[in-house]
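Asker: let's see this in three dimensions:
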Amino acid sequence: MKRPFLTIVATLILAVVLGCSGGGKGSSPGELTIYSGRSEALVGPLIDQFSEATGVKTSVKYAGTPQLAATLLEEGDNTPADIFFAQDPGGLAAVEQMLTRLPDDILGRVPAWASSSTGKWVGLSGRARTVVYNTEALTESDLPSDIYHFIDPEWRGRIGWAPTNASFQTMVTAMRSIWGEEKTGKWLEGIQANQPKTYPKNTPIVAAVGSGEIEVGFVNHYYLHRFLAEEGEGFPARNYHPQAGGPGAIIMVAGAGILEGSGNRSTAERFLGFMLSQVAQEFFANKTFEYPLAEGVAVNPGLVPLSEIPNPGLSADKLSGVKGTQQLLRQTGLLP
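Answerer: Below is the predicted model of the structure:
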């Protein structure tokens, strides 16, 4: 299949802007090892485009963000990874001591809330937590203004959630920051009392809402848009951003950092620069339906603008306390 002319031009421009040389000791500066907690289906094409534009050979290890963070901690100074590309701030925070501070010209491309206060990792795309609901069973007016009120008995047997999912755990981390431990624990226990259906991740939750198996689910915003792209506007589900704001309306980031021991630091910096370029940010906006973070890149027209989401405005650091969240989830019986 022939590639569109504009894609070819964009790739050629990137090759000129990014170059293909690197520096540092260790393996060849023309190679880069990436540990990606984002799936190959999501970011593989973008990583391939970076390789094509720069001539840099990339080796990518795909797995869940928590699993890769644990692997990095186990490998320590012997890790072959140059970059950790994580789904959420919690995964990055877990290995922050292994990361090096990024250059200001990379950190300055995103809003201050979208990167680590230590400068050791940077957000590459934004994701909104939302409530997906079945449009044949509900309207927005049927939904509570605050996610807390889904503990009301009227929602018994109608909810889907994924307690083992990293993004869900980030939302609970936001709850702990905004509500405190006691209220967050009551929410978790209240949802459990409403006999929710448990799923491994976001995609089956959206599918279950669309089929009517459940009426509402707690997910990231972009999963619905993939269903709409594949099945059309008739797919009977829509997203709802709780109007009272709070943890049910947080904006999270997927981000990346460079390992302190990387022998290809300049090449790794070039990779992060590419991920924040207009070409890559437009990929996130139009292919994965995420929110671009770099200034001047338009949001996909099918998404609610960030300015219209009642985001409580938590910094990325506030969303990184995943260890305390996992402890609370164990205490409430949601994790082994």
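
Asker: now residue 300: how far from residue 245?
Answerer: Distance of residue 300 to residue 245, computed by C-beta to C-beta, to the nearest Å: 22 Å. Any C-beta I mention is one placed from the backbone N, CA and C, and that applies to glycine too.

Asker: and if you look at residue 106?
Answerer: 30 Å.

Asker: element containing residue 167?
Answerer: helix 166-178 (DSSP states H and E).

Asker: now swap in residue 133 and tell me
Answerer: Using DSSP H and E, residue 133 falls in strand 122-134.

Asker: same check, this time on residue 160
Answerer: strand 159-161.

Asker: pairing partners for that strand, with directions?
Answerer: Sheet pairing of strand 159-161 (DSSP bridges) gives strand 197-198 (parallel), strand 216-220 (parallel).

Asker: and those strands, which is most packed in?
Answerer: strand 216-220 (a mean of 28; mean count of other C-beta atoms under 10 Å).

Asker: need the contact partners of that strand.
Answerer: 127-134, 138, 143, 147, 150, 155, 158-162, 167-168, 171, 199, 202, 205-206, 208-209, 248, 252 (C-beta atoms under 8 Å, 6 or more residues apart in numbering).

Asker: over to stretch 317-336?
Answerer: With C-beta under 8 Å, 6+ apart as the criterion, stretch 317-336 contacts 66, 88-94, 116-117, 163-164, 166, 169-170, 172-174, 176-177, 181, 184-185, 188-189, 192, 250, 252.

Asker: buried only: go through those for me.
Answerer: 66, 88-94, 116, 163-164, 166, 169-170, 172-174, 176-177, 184-185, 188, 192, 250, 252 (16 or more other C-beta atoms under 10 Å).

Asker: sticking with the closest residue to residue 272 other than its chain neighbours, tell me its helix or strand.
Answerer: Spatial nearest neighbour of residue 272, chain neighbours left out: residue 106 (5.3 Å); criterion: C-beta to C-beta, 6 or more residues apart in numbering. Taking DSSP H and E as the criterion, residue 106 maps to helix 104-107.

Asker: got it, and residue 59?
Answerer: strand 57-62.

Asker: tell me the contacts of residue 205?
Answerer: Residue 205 neighbours (C-beta under 8 Å, 6+ apart): 132, 160, 161, 162, 199, 214, 217, 218, 219, 223.

Asker: out of the residues you listed, who's nearest residue 231?
Answerer: Taking C-beta to C-beta as the measure, residue 231 lies nearest residue 223 of the contacts of residue 205, at 12.6 Å.

Asker: how many residues are close by the closest one?
Answerer: 24 (other C-beta atoms under 10 Å).

Asker: just checking, it touches residue 206?
Answerer: Yes - the criterion here is C-beta atoms under 8 Å, and residue 223 meets it with residue 206 at 4.8 Å.

Asker: what do these two both touch?
Answerer: With C-beta under 8 Å, 6+ apart as the test, residue 223 and residue 206 both reach residue 132.

Asker: just to revisit the earlier point, contacts for the strand holding residue 59 next, please.
Answerer: Under C-beta under 8 Å, 6+ apart, the answer for strand 57-62 is 28, 30-36, 38-40, 44, 47-48, 50-51, 68, 81.
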